[in-house]
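Student: just need the structure, nothing else, for what follows:
(2 chains)
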Amino acid sequence: MAEVELIGVKKVYGKNVVAVKNFNLKIKDKEFVVFVGPSGCGKSTTLRMIAGLEDITDGVVKIGGRVVNNLKPKDRDVSMVFQNYALYPNYTIFKNVSFPLTLKKIPVEIPVKDKEGNVQKVRVKKRKLTAKEITKQVQDASEILKITQYLGRKPRELSGGQKQRVAIGRAMVKNASVFLLDEPLSNLDAQLRAEMRSELIKLRERIDTTFIYVTHDQVEAMTLADRIVIMKDGVIQQVGTPAELFDMPANLFVGGFIGSPKMNTFKTYLDRDERGYFINLCGVEKRITGERGEAFKMKDVAPQDTILGVRPDHITLSNHEDPEAIPCVISVREFMGSSLHLHVTTPTGEELIVCVPTMPLDRNQIAKLVSGTRVYISFESKVMHFFSAETQVNLLVDDAPVVENKVETEELTDKPRKKWRRIS
Amino acid sequence: MTDKQDESGEVFEFYGTSPSNGKSTEIEILLPEGKNADEYNDLPVPSFGTIPRYAEEAPKKERISQKTKDRIGKIAIYIVLSLMSLIWILPFVGILLESFRCESTGLAGYLIPKQWGFDNYVRLFTFQDGIFLKWYGNTLMIGCVTAIVQTAFQLATAYVLSRFRFKGRKLLMNLILVFGMFPGFLTLILLYTWMHDWNLTDANAPYGLMIIYCASSGMGYYIAKGFFDTISKSLDEAARVDGASQMQVFFKIILPLSKPIVIYSILMGFMAPWGDFVMATFMANNASAGYNVAAGLQWLITDSMKNEYYTTFCAGGVVVAVPITVLFLLLQKYYVAGVTGGAVKG
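Tutor: Below is the predicted model of the structure:
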């Protein structure tokens, strides 16, 4: 029910440990935004700055157009779900869920009448919710989350999935304008995580509010998000819909982070002649045709050293009649049921992963695809992603952030060591 | 998302062709050299290895069986332990027995009384117009006040040092720790001078002692801090986001979870004055009305008194032990949880 805007937000711990650098983002009303990135990329810090649990070193955070930098968490109109559930262990589930309601105060308008009974003005007073109102709201929330039968229990008597439901319920009843979730599914086992993920999608339609969700799991990000914000070392790498991030990664980091197994990369040289752009891959000349070729022509990209990225699912097995097919030898074969993950070695010694769906193959073919077997692999122009070898930026994306491979800790090593060791 | 965009109702069909190029491709698989295709025609059954079985080792024959060895070791340990507990418990048993001795009041060379009775207890409460009751009351008052004030201060200090990050926090913690290591009577003379100026010595000594004990109550924050550290910080954060103020977080969330440490603090605050002898004697300065029980009872066994009052002293010891023992028995499960709370994650 509110927009969230972050303008030049920065977080520095101590003197020179920069957690978040210049974070700019506008989150629309009722949008589901996922912050994703490897651990230590500043995604949780950003979320905690929005919640008010962390000071903002620099920049402005606005919720619903109101600058909240100096407001306490309770005055920011946000609710939050934590990774470790953070249920109050001494309270029952009912008291846990109702806790925000017992602290809540709602405005009541009291008309002030003069002697003739006309309303002169309306005075606004704040009152606490009555026990009846609280019970009703808790009941409603627990029905949605299917936790009604646990309301009398203590948190320690519940399983992880149930606890997380309670935590979501507690955040839900507050009816805040921004719903923050900090890795809510990370403590659950794989099966439960998938279950809760689909339930979150359903829940989202019932709680009609702005969601900000932090995770390190790209699958969660892809399935839940309207828009993904992918971060690394405190810098936003790309903001876009899941499809945009998958089809047009802004740089090599995004390409590698989104999608599983990881995107394959080749070092190659992007060349052009009168017929268009082409690359030479393991002695095979590959013409870049279709939309990719057109896009290169449009942008008039100069021939240069590039890193070619191709997703494992986009590589297909082919035969010797295909002039662009590359002969490879299988080194490792992983049978996943619905697909085969083949680790293959190219003639130039590069290791690739190829995902082959098993459905179109017969039993004999599957049996033959073992290590030592030679296969031809092939992929089309439209699945190729070209990144600059120098900056690792996608050649077809404008103003993508340059991937920095700087090690932060180097700055700290020059400091003189402390003479006194700390106690504790 | 796809079904929302795709409202035309088109059906996607997939014919087992490779999805990327859309045309049906014949897959060519080349087998390693020296192998022929027949070897692969029979599907190899995936092998997951066999479960290794280990032959059970035959027990070795020994001259003395392990069982006997264990028994000898246990007997030795129990002998040592019994001796140690005997040494430890002897003074208590001695005091208890001697407090019932009626035939004499001075020191005797034996433990078990020849004549049993409650004479000593009667005398304890009546001699010098019941001055013992005065001491008892003094100590009880000091104990109660110290317990309350000390608990409040200690928990507040511990919570702040556990949860808040401010400049000089580490320095403050270390300073408190170091100062806590100095023995209390290092400042004895200075404290006496101050208290004397404020007229809180001699007969008023209990009030002076109260101030001294309460003033240093923040020092014992360490165990409580260790306990608070084990309570997840995200509980505080969740409560703050839920709309609680800092005070409400402490009183509604943290305090109900900290019962063991609250009880531990109360117990420690209440018990300390009963055993304090050095400070109490010094502050009272020979005014017997200002004594606490420790100082008072000691006075009973000074050279001039002990022939007449030794068994009374023993009775006093028993009477002093009663409230602390009862309190301890009632609250011991919390006490243990409090002391170990710093180490065990709750």
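Student: state the helix or strand in which A:Arg170 lies.
Tutor: Element membership of A:Arg170, judged by DSSP states H and E, is helix A:160-173.
Student: send me that helix as PDB with only the CA atoms.
Tutor: Extracted in PDB, the C-alpha atoms of helix A:160-173 (Å, rounded to 0.1, in the frame of the first residue of the first chain):
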ATOM      1  CA  GLY A 160       9.900 -25.200  11.200                       C
ATOM      2  CA  GLY A 161       7.300 -24.800   8.500                       C
ATOM      3  CA  GLN A 162       4.600 -24.100  11.100                       C
ATOM      4  CA  LYS A 163       6.800 -21.600  12.900                       C
ATOM      5  CA  GLN A 164       7.400 -19.700   9.700                       C
ATOM      6  CA  ARG A 165       3.700 -19.600   9.100                       C
ATOM      7  CA  VAL A 166       3.200 -18.100  12.600                       C
ATOM      8  CA  ALA A 167       5.900 -15.600  11.900                       C
ATOM      9  CA  ILE A 168       4.200 -14.600   8.600                       C
ATOM     10  CA  GLY A 169       0.900 -14.400  10.500                       C
ATOM     11  CA  ARG A 170       2.400 -12.100  13.000                       C
ATOM     12  CA  ALA A 171       3.600  -9.800  10.300                       C
ATOM     13  CA  MET A 172       0.300 -10.100   8.500                       C
ATOM     14  CA  VAL A 173      -2.000  -8.900  11.300                       C
END
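Student: got the residues of the stretch 1-150 of chain A near chain B?
Tutor: A:51-53, A:72-74, A:78-80, A:82-84, A:86, A:88-90, A:99-100, A:103-104 (Cβ under 8 Å from any Cβ of the partner chain). (C-beta placed from N, C-alpha, C; glycine too.)
Student: give the PyMOL command for selecting the buried subset of those.
Tutor: A single PyMOL command suffices to select whichever of those are buried according to 16 or more other Cβ atoms under 10 Å in any protein chain shown:
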select buried, chain A and resi 51+52+53+73+74+78+79+80+82+83+84+86+88+89+90+99+100+103+104
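Student: verify the contact between A:Phe296 and A:Tyr277 for me.
Tutor: Yes. Using Cβ atoms under 8 Å, A:Phe296 makes contact with A:Tyr277 at a distance of 4.8 Å.
Student: higher neighbour count, the two?
Tutor: Between A:Phe296 and A:Tyr277, A:Tyr277 has the larger neighbour count (other Cβ atoms under 10 Å in any protein chain shown), namely 21 against 18.
Student: how about the contacts made by the residue nearest to that one when sequence neighbours are not counted?
Tutor: Spatial nearest neighbour of A:Tyr277, excluding adjacent residues (Cβ to Cβ, 6 or more residues apart in numbering or on different chains): A:Ile288 at 4.3 Å. Residues counted as contacts of A:Ile288 (Cβ atoms under 8 Å, 6 or more residues apart in numbering or on different chains) are A:276-279, A:296, A:381, A:384.
Student: tell me the one among those nearest to A:Ala243.
Tutor: Nearest to A:Ala243 among these is A:Met384, at 17.4 Å by Cβ to Cβ.
Student: correct me if wrong: that closest one contacts A:Arg292.
Tutor: Yes. Using Cβ under 8 Å, A:Met384 makes contact with A:Arg292 at a distance of 6.2 Å.
Student: among the residues of the stretch 1-150 of chain A next to chain B, which are in strands?
Tutor: A:78-80 (DSSP state E).
Student: make CSV out of those and add pLDDT and distance to A:Val4.
Tutor: Compiled in CSV, these are given as follows (pLDDT from 0 to 100; distance: Cβ to Cβ, whole Å):
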residue, pLDDT, distance to A:Val4
A:Val78, 92, 9
A:Ser79, 92, 13
A:Met80, 93, 13
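Student: quick revisit: which one of the contacts of A:Ile288 sits closest to A:Lys30?
Tutor: Taking Cβ to Cβ as the measure, A:Met384 is the one of those closest to A:Lys30, at 36.4 Å.
Student: list the contacts for that closest one?
Tutor: By Cβ under 8 Å, 6+ apart, the residues touching A:Met384 are A:288, A:292, A:308-310.
Student: returning to what we had before: the helix holding A:Arg170 packs against which elements?
Tutor: strand A:78-81, helix A:93-103, helix A:131-145, helix A:190-206 (3 or more Cβ pairs under 8 Å, 6 or more residues apart in numbering or on different chains; DSSP states H and E).
Student: figure out which of those is closest to A:Gly234.
Tutor: Of the helices and strands packed on helix A:160-173, nearest to A:Gly234 by Cβ to Cβ is strand A:78-81, at 21.0 Å.
Student: what's in contact with the closest one?
Tutor: Contact with strand A:78-81 is made by A:50-52, A:63, A:100, A:164, A:167-168, A:170-172, A:174-182, A:184, B:237-238, B:241-242, as judged by Cβ under 8 Å, 6+ apart.
Student: find me the pLDDT at residue 277, would you?
Tutor: You didn't pick a chain, so chain A it is. For A:Tyr277, the model assigns a pLDDT of 90.
Student: ah, I was thinking of chain B
Tutor: Looking at B:Phe277, its pLDDT stands at 84.
Student: list the contacts for the closest residue to it other than its chain neighbours?
Tutor: With sequence-adjacent residues excluded and distances taken as Cβ to Cβ, 6+ apart, B:Phe277 is closest to B:Ala294, at 4.3 Å. B:Ala294 makes contact with B:139, B:274-277, B:280, according to Cβ under 8 Å, 6+ apart.
Student: where exactly do the helices run in the stretch 101-250 of chain B?
Tutor: For the stretch 101-250 of chain B, applying DSSP state H, counting those that start in this stretch gives helices covering B:119-163, B:169-181, B:188-197, B:205-215, B:221-230, B:233-242, B:246-248.
Student: with chain A instead?
Tutor: Ranges of helices in chain A, per DSSP state H, are A:43-51, A:93-103, A:131-145, A:160-173, A:190-206, A:218-224, A:242-247, A:252-257, A:290-299, A:363-368, A:410-413.
Student: kindly present the ones you listed as CSV, with separate columns for distance to A:Pro323.
Tutor: CSV is the format used below for the helices of chain A (distance: least, Cβ to Cβ, whole Å):
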stretch, distance to A:Pro323
helix A:43-51, 45
helix A:93-103, 65
helix A:131-145, 58
helix A:160-173, 53
helix A:190-206, 42
helix A:218-224, 35
helix A:242-247, 26
helix A:252-257, 27
helix A:290-299, 17
helix A:363-368, 23
helix A:410-413, 49
